[in-house]
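# Here's a sequence, model it:
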Amino acid sequence: MNVDGQILLWIQNNVRSETLTPIVLWLTNSIPYAAGLFVVLLFFRKTRKFAIFALSGLAVCLVCNAYVVKPLFARPRPFASVAGLQRIGPMPGGSSFPSSHTTAVFALAWMSVWCRKRYWIAPLFVYACLVAATRLYLGVHYPTDILGGIVVACVLSYLTYKCLSWISKK
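Purely as a prediction, here's the structure:
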């Protein structure tokens, strides 16, 4: 068994608990609320540009992840490949690499870096790390799926930032 699988089994055997599971399930499903926050920020002149950039980065990352990156790798989910690993929660669709949840939340976090929104950087990265960790806890992604999501979000959010910056200067 590879290191990815060993890490997931360790989490399953040493971290999972009846108390923690409902919190993890709520957190892993909280991305629409985070996106909703950025929709609300569209209504305020001071945060409008950042919200446009963040939501655009989120959209680009999710579309590219779903239609380009995931089909390219088509990696099976860990609960289907790692003997003894049990998934928590509903059956996720699609392939495993990279994690779309991780890509989504890190798209928002990276955009705060590119837009130089220093008060947003730490909270968004903490949130992104927590959501990414939930995917491991639930047994629906390998650690390398999480790392892949972080890299995809970094690259695509940066390219989105550069494109939007160029468009906004015209």
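# so where's the chain shaky on pLDDT?
In the predicted model, the chain carries pLDDT under 70 at residues 1.
# Find the helix or strand that the residue nearest the centre of it is a member of.
A centroid search over the chain (Cα atoms, centre = their mean) returns T102, at 1.6 Å, as the residue closest to the centre. T102 belongs to helix 100-114 when assigned by DSSP states H and E.
# list the buried ones in that helix?
Going by neighbour count (16 or more other Cβ atoms under 10 Å), the buried part of helix 100-114 is 100-114. All C-beta spots, glycine's among them, are computed from the backbone N, C-alpha and C.
# Also stretch 25-44?
Judged by neighbour count (16+ other Cβ under 10 Å), stretch 25-44 contains these buried residues: 25, 27-28, 30-31, 34-35, 38, 41.
# buried residues in the lengthiest helix in the chain?
When every helix of the chain is counted residue by residue (DSSP state H), the longest turns out to be helix 143-169. Neighbour-count burial for helix 143-169, with 16+ other Cβ under 10 Å as criterion, is recorded at 143-146, 148-150, 152-154, 156-157, 160-161, 164.
# Check which helices and strands that helix sits against.
Judged by 3 or more Cβ pairs under 8 Å, 6 or more residues apart in numbering; DSSP states H and E, helix 143-169 is in contact with helix 3-14, helix 45-64, helix 100-114, helix 118-137.
# Apart from its neighbours in sequence, what residue is nearest G139?
Of all residues beyond its chain neighbours, the one nearest G139 is R87 (4.6 Å), with distances taken as Cβ to Cβ, 6 or more residues apart in numbering.
# Which secondary structure state is assigned to the one you found?
Following DSSP: H, G, I helix; E, B strand; the rest coil, the label given to R87 is coil.
# gap between it and T160?
Taking Cβ to Cβ, to the nearest Å as the measure, R87 and T160 are separated by 32 Å.
# cool, W110 as well?
9 Å.
# residue contacts, the nearest residue to A66 once chain neighbours are set aside?
Using Cβ to Cβ, 6+ apart and skipping the chain neighbours, the partner closest in space to A66 is S100 (6.7 Å). Listed by Cβ atoms under 8 Å, 6 or more residues apart in numbering, the contact set of S100 reads 62, 65-66, 70, 94, 149.
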